[in-house]
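[1] Have a look; sequence and predicted model below, questions after that.
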Amino acid sequence: MMICNSCTRNFDVPIDSFIDMHPPDKKGMIRPGQVFKYKSDTTINLHCLTDIHVGAIEHDTKKFKQAVNKIQRDDNAKWFGNGDLLELIPPGYKAINQRGQNIPPDEQYLHFIELVDSIKDKCLWLRGGNHDFLRSFTILDFDVVKTLAKELNVPYFRYPGYAQFDIQGTSWNIVSGHGKSGAKNGDLELDRMAAVYSDGHVFVLGHNHQLYAKPVDSLTIDGDEEELKRRWYVRGGSFLRYADYARYSFYPLIRTGWVTMTLTKKEIKCREN
């Protein structure tokens with residue numbers, strides 16, 4: 001049993017691991033420009049759970065429980081919530097049909113906490129998206145995901161930024177954000193992200209529900225020879241099945257799922273689930 005220096009919560013970790021999380025500010029926020037840091041002596045399987053949409057009629061509960069169970073069973077697993085955790089359709093919001101959700105927003109909040117209860121000690125941070133953070137903040141000046149993060153006792157990472165993982169002395173920089181663009185080519189927004197955060201090894205976005213993880217290779221110089229430099233582009237998928245609005249607009253079919261990033265001392269590998 002150990003105590004986290006950031007949140008004072010008790011938890012178990014493998015005997016050869018240790019936690020060194022960059023503390024958030026006094027309000028539990030990872031401020032814009034601040035780098036979240038995590039240190040471990042073992043491999044980390046980092047799961048990005050994005051666009052969960054708890055409360056939506058089309059929420060894929062079976063797939064999400066599969067993700068929770070996989071994280072729960074893996075001693076090396078960690079995860080972060082990357083926005084649109086809740087469906088959150090407030091009454092009369094932009095004339096959106098309320099029938100898109102089968103439980104009201106307050107029940108969505110409570111249900112999300114229940115769904116992740118078994119893996120809350122493996123959560124590194126939460127981030128909001130356009131459904132939860134933006135809607136609640138725009139209407140009420142109240143950030144529901146910030147409150148969720150407080151409820152789970154984890155840092156709140158509102159805006160895109162760096163998370164640096166030290167794995168047995170090797171540093172890997174994960175750049176993550178919820179995303180904004182709905183463009184068919186998901187790489188375009190990842191290109192913009194990579195241009196801003198030039199030290200990233202993995203670039204992760206959600207929002208458009210596309211699910212893929214692919215290597216992006218380039219050549220660098222190592223002494224007198226060229227050396228392959230590998231980075232990863234990730235769109236994190238979703239847990240929302242084919243919704244009525246997607247059918248109406250003939251949006252392409254996209255399978256539900258999530259992406260796992262395996263960080264070792266020697267390399268990063270990303271895979272779709």
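    Great, that's in hand. All values reported here derive from a predicted model rather than from experimental measurement. Residues are numbered from 1 along each chain as shown.

[2] ranges for the strands of the stretch 151-273 of the chain?
    161-167, 170-177, 202-205, 211-222, 225-236, 259-263, 268-272 (DSSP state E, counting those that start in this stretch).

[3] can you put these in CSV and add mean pLDDT?
    CSV is the format used below for those (pLDDT from 0 to 100):
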stretch, mean pLDDT
strand 161-167, 98
strand 170-177, 98
strand 202-205, 98
strand 211-222, 94
strand 225-236, 95
strand 259-263, 98
strand 268-272, 98
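
[4] residues near Q72, how many?
    Residues near Q72, counting by other C-beta atoms under 10 Å, number 13. All C-beta atoms are positioned from the backbone trio N, CA, C, and that covers glycine.

[5] just how off-centre is the helix or strand hosting it within its chain?
    According to DSSP states H and E, Q72 maps onto helix 61-73. Taking the mean of its C-alpha atoms, helix 61-73 sits 15 Å from the chain's own mean (C-alpha atoms, centre = their mean, to the nearest Å).

[6] Now the element after it, going C-ward?
    strand 77-82.

[7] that older thread, the strands of the stretch 151-273 of the chain: which one's closest to K122?
    Set against K122 and scored by C-beta to C-beta, the strands of the stretch 151-273 of the chain come closest in strand 259-263, at 12.8 Å.

[8] report the angle between the axes of the closest one and strand 211-222?
    Strand 259-263 and strand 211-222 are oriented at 30 degrees to each other (axes from the mean of the first three to the mean of the last three C-alpha atoms, to 10 degrees).

[9] Identify the residues contacting strand 259-263?
    Identification of contacts with strand 259-263 by C-beta atoms under 8 Å, 6 or more residues apart in numbering yields 43-48, 165, 167, 172, 174, 202, 204, 211-213, 232, 234-237, 268-273.

[10] could I have it exported to PDB, CA atoms only?
    The C-alpha coordinates for strand 259-263 follow below in PDB (Å, rounded to 0.1, in the frame of the first residue of the first chain):
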ATOM      1  CA  VAL A 259      -6.400   3.000 -28.200                       C
ATOM      2  CA  THR A 260      -3.800   1.700 -25.900                       C
ATOM      3  CA  MET A 261      -0.200   3.100 -25.900                       C
ATOM      4  CA  THR A 262       2.400   0.700 -24.500                       C
ATOM      5  CA  LEU A 263       5.400   2.600 -23.200                       C
END
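
[11] For that strand, buried residues please.
    Across strand 259-263, burial judged by 16 or more other C-beta atoms under 10 Å covers 259-261, 263.

[12] Determine the angle, from 0 to 180 degrees, between that strand and strand 77-82.
    Strand 259-263 and strand 77-82 are oriented at 130 degrees to each other (the same axes, to 10 degrees).
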